[in-house]
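In: here you go, sequence then predicted model.
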Amino acid sequence: MSEPASNIAGAMKKKYLILAVGDLAAISLFVPLGVRSHNSAITFAVIARNLLPLIVSWVVVAFILDTYKKGGIWRLLLTWLIAVPIALLVRAALLGRVFTTVTAVFIPIAMSAILGLLAAWRVIAWLVWRFVGPGGGKAEGEMLDQNAVTERS
């Protein structure tokens, strides 16, 4: 692989890693916000019970769907559509509330909130990469074109 190609491949791996970590951080933010909105104490047990199902289901579904390697908004939305309800049902089972009205109401609210957090993070990431990213404010395509010009010189 040529040097510019390996640089691009390395940059893409780094970008996907940043997106994955950011997605997990955005999802993780939902738990303390939700716990505080119900005036509950934020304890390790409460965080673990609510966060672990989300993190585990997200990682497993993202791995199966190849969310970060293949990328794309539709793959991200599919990961959200599958992973979040699974996690919320696991959480409901841990609480003994699988087939209750509370769960039926909570799932769409939680899914909407998590989608909002993911969308906010992804917009911020896009803005940073677009205007401040590795190209010194140049778009990714402009940076690639610049590398191609440098190679030809």
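Out: Right, received. Where do you want to start? The structure presented is a predicted model; accordingly, all values stated were derived computationally and were not measured. Numbers count the residues shown, from 1 in each chain.
In: grab the most central residue of this protein for me.
Out: residue 23 (2.0 Å; CA atoms, centre = their mean).
In: my read is that it contacts residue 118, right?
Out: Yes - counting by CB atoms under 8 Å, residue 23 touches residue 118, with 6.1 Å between them. Glycine gets a C-beta too; all of them are placed from N, C-alpha and C.
In: longest helix in the protein, please.
Out: Using DSSP state H, we find that the single longest helix of the chain is helix 3-37.
In: now list whatever residues contact both of residue 23 and residue 118.
Out: Here residue 23 and residue 118 share the contacting residues residue 76, scored by CB atoms under 8 Å, 6 or more residues apart in numbering.
In: list the contacts of the residue nearest to the centre of the chain.
Out: Listed by CB under 8 Å, 6+ apart, the contact partners of residue 23 are 58, 76, 118, 121-122.
In: quick one: which of those sit in helices?
Out: Using DSSP H, the contacts of residue 23 in helices are 58, 76, 118, 121-122.
In: number of residues surrounding residue 68?
Out: Neighbour count for residue 68, taken as other CB atoms under 10 Å: 19.
In: quick check: the gap between it and residue 126.
Out: To residue 126, residue 68 is 15 Å away according to CB to CB, to the nearest Å.
In: okay, now the unreliable bits of this protein?
Out: Low-confidence segments of the chain (pLDDT under 70): 1-9, 134-153.
In: now residue 56: closest residue in space, sequence neighbours ignored.
Out: residue 87 (7.4 Å; CB to CB, 6 or more residues apart in numbering).
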